[in-house]
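> What follows is a protein structure lacking sequence information:
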């Protein structure tokens with residue numbers, strides 16, 4: 001920090017600049033972006049806000065105004081409900097070190113000085129995201145990385161500060177945990193809607209601003225559960241997440257199978273196809289067995305003009321020859337003679 005900074009603080013205090021509040025010294029890596037909040041009094045809600053660059057206020061140059069559209073240098077956003085306007089500076093360079101956030105007035109503008117400590121390496125104090133979100137009634141933990149030393153604090157912009165290890169800000173408990181030599185966490189317990197707004201942590205002379213949004217956690221959407229039974233299939237919409245885990249029963253006190261994933265449909269298809277295949281195979285086997293049975297019961301066939309005898313008897317004629325006589329007295333029978341060889 002510049003040795004003349006204490007003189008600038010005294011000068012701005014004498015000119016009434018303390019109607020604006022911001023962070024004094026922020027570490028940022030060259031080429032990256034940084035967002036700086038500037039808190040103003042309610043009477044300046046409708047005034048034009050702007051950012052000025054330069055160490056000397058009388059010689060500083062306009063960078064952007066709240067009435068202008070965002071450009072390559074950055075943008076200004078004004079939250080009139082919280083009386084805070086934020087300046088986002090893009091592609092920070094080592095020459096861009098000294099700035100003023102200011103509010104236009106008819107006589108003399110309100111202004112507040114802040115300094116960017118631009119490094120070509122890792123910033124001395126940094127956070128992964130300057131904007132975080134929490135839910136009412138829940139805890140929120142933010143992790144900060146640092147390479148410098150000094151006292152660790154968590155402060156509300158324009159409000160109270162909590163020193164390590166714990167304290168309270170506007171009814172919200174704060175716990176600061178030093179985990180290692182290069183990072184620490186800040187936990188805000190049981191968030192309230194009034195906990196939203198801009199905060200900043202300090203490590204030595206460096207600051208890092210963070211905006212916290214607090215919302216009501218949305219209710220859990222009920223899931224659609226597919227209930228399958230031997231006779232019916234229907235969808236049931238449970239009234240809560242716990243009801244979704246319960247499986248209703250079908251008629252006859254038989255257990256019903258439920259699933260809410262496509263895999264159950266695949267299983268049903270596989271089982272159905274298997275049953276159809278088994279039925280078809282059974283039918284084919286029955287047909288084959290029936291055909292074989294018919295073949296075995298068919299009578300023996302003979303050539304035209306021939307008869308088949310089931311019983312044959314032999315007798316001798318007057319010449320001593322043996323002849324075959326059919327069991328029936330059919331006059332059209334054909335006889336065969338058997339000659340006996342001696």
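Yep, it's here. Because the structure is predicted, anything quoted here is derived from the model rather than measured.
> Tell me where the model's unsure across the stretch 51-200 of the chain.
Scanning the stretch 51-200 of the chain for pLDDT under 70 picks out no residues.
> Show residues contacting stretch 36-46.
The contact list for stretch 36-46 (CB atoms under 8 Å, 6 or more residues apart in numbering) reads 19-23, 26, 47, 49, 80, 83-89, 99, 101, 103, 105, 110, 112, 114, 157-158, 198, 209, 211. Every residue, glycine included, has its C-beta placed from N, CA and C.
> what comes up buried for that stretch?
Within stretch 36-46, the residues scored as buried using 16 or more other CB atoms under 10 Å are 36, 37, 38, 39, 40, 44.
> same question, stretch 129-144
By neighbour count on 16+ other CB under 10 Å, the buried set for stretch 129-144 is 130, 134, 140, 142, 144.
> of the buried residues of stretch 36-46, closest to residue 93?
Using CB to CB, residue 36 is the member of these that sits closest to residue 93, with 15.9 Å.
> From residue 292, how far off is the closest one?
To residue 292, residue 36 is 95 Å away according to CB to CB, to the nearest Å.
> Same question for residue 72.
Taking CB to CB as the measure, residue 72 falls 91 Å from residue 292.
> ok, back up a step: the buried residues of stretch 36-46 into CSV, with extra columns for secondary structure, pLDDT and distance to residue 149?
CSV is the format used below for these (DSSP: H, G, I helix; E, B strand; the rest coil; pLDDT from 0 to 100; distance: CB to CB, whole Å):
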residue, secondary structure, pLDDT, distance to residue 149
36, strand, 98, 24
37, strand, 98, 25
38, strand, 98, 28
39, strand, 97, 28
40, strand, 97, 33
44, helix, 94, 37
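> Test my guess that residue 109 contacts residue 103.
Yes. Counting by CB atoms under 8 Å, residue 109 touches residue 103, with 6.3 Å between them.
> who has more neighbours, those two?
Between residue 109 and residue 103, counted using other CB atoms under 10 Å, the more crowded position is residue 103 (23 against 19).
> hang on, residue 67 in a helix?
No. Using DSSP: H, G, I helix; E, B strand; the rest coil, the secondary structure at residue 67 is coil, not a helix.
> residues touching it, list them.
residue 48.
> Ok, residue 84 next?
Taking CB under 8 Å, 6+ apart, we find residue 84 in contact with 37, 38, 39, 40, 78, 157, 197, 198.
> and which of those residues is nearest residue 187?
For the contacts of residue 84, the closest approach to residue 187 (CB to CB) belongs to residue 197, at 16.9 Å.
> Tell me what the closest one is bridged to.
Using DSSP bridges, the bridge partners assigned to residue 197 are residue 212.
> same question, residue 185
Beta bridges link residue 185 to residue 143, residue 177, judged by DSSP bridges.
> Next, count neighbours for it.
Residue 185: 13 surrounding residues under other CB under 10 Å.
> ok, back up a step: can you pick out the residue with more neighbours from residue 72 and residue 292?
When residue 72 and residue 292 are compared for neighbours, residue 292 comes out ahead with 9 against 6, by other CB under 10 Å.
> Tell me how far the more buried one lies from residue 284.
Relative to residue 284, residue 292 is positioned 13 Å away (CB to CB).
> which helices and strands sit right next to the one helix or strand residue 51 maps to?
Secondary structure assigned from DSSP states H and E places residue 51 in strand 49-53. Contact analysis of strand 49-53 by 3 or more CB pairs under 8 Å, 6 or more residues apart in numbering; DSSP states H and E lists strand 61-65, strand 74-79, strand 84-89, strand 98-103 as its packing neighbours.
> Try it again at 6 Å.
On a contact count with 3 or more CB pairs under 6 Å, 6 or more residues apart in numbering; DSSP states H and E, strand 49-53 meets strand 61-65, strand 98-103.
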